[in-house]
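**Student:** I'd like to go over a predicted model; first the sequence, then the structure.
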Amino acid sequence: QVQLVESGGGLVQPGGSLRLSCAASGSILRIFSTGWYRQAPGKQRELVAGITSGGSTYYADSVQGRFTISRDNAKNTVYLQMNSLKPEDTAVYYCNADISTRVVRTNYWGQGTPVNVSS
């Protein structure tokens, strides 16, 4: 089985930084596109940033220039560097990945890591 485990969330003051990590484990043959989503209380889950297997990146307008997504293929890990954090960035952040094993290609979600931007 494949698992995605996020880490790095927490409480940070406005203007601060956090780096989220998402490690994939299991019988992984290949990881295709990966992304970070977030869901604030009372709101729908939204795409924050994504990265393709080729390294192309894309961002939501609200985080462009402040967040950076990257991946380490050797470690099966994707990162989200978040700078200049704002209170409106407060949410549970989820990792998503399109992964193939020897049997099937499936979309996976992590359990989420909370980010609270507050003074």
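**Tutor:** Sure, I can see it.
**Student:** at the geometric centre of this protein, which residue do we find?
**Tutor:** Central residue of the chain (C-alpha atoms, centre = their mean): residue 36, 2.9 Å from the mean position.
**Student:** state the distance from residue 98 to residue 4.
**Tutor:** Residue 98 sits 11 Å away from residue 4, taking C-beta to C-beta, to the nearest Å as the criterion. Every residue, glycine included, has its C-beta placed from N, CA and C.
**Student:** how about residue 31?
**Tutor:** According to C-beta to C-beta, residue 31 stands 10 Å off from residue 4.
**Student:** higher neighbour count, residue 98 and residue 4?
**Tutor:** Using other C-beta atoms under 10 Å as the criterion, residue 98 and residue 4 rank with residue 4 on top: 22 against 16.
**Student:** what's the pLDDT at residue 29?
**Tutor:** Looking at residue 29, its pLDDT stands at 89.
**Student:** if we can go back for a sec, how about the helix or strand harbouring the residue nearest to the centre of the chain: buried residues?
**Tutor:** Under the criterion of DSSP states H and E, residue 36 resides in strand 30-39. Taking 16 or more other C-beta atoms under 10 Å as the basis for neighbour counts, the residues of strand 30-39 that come out buried are 31, 33-38.
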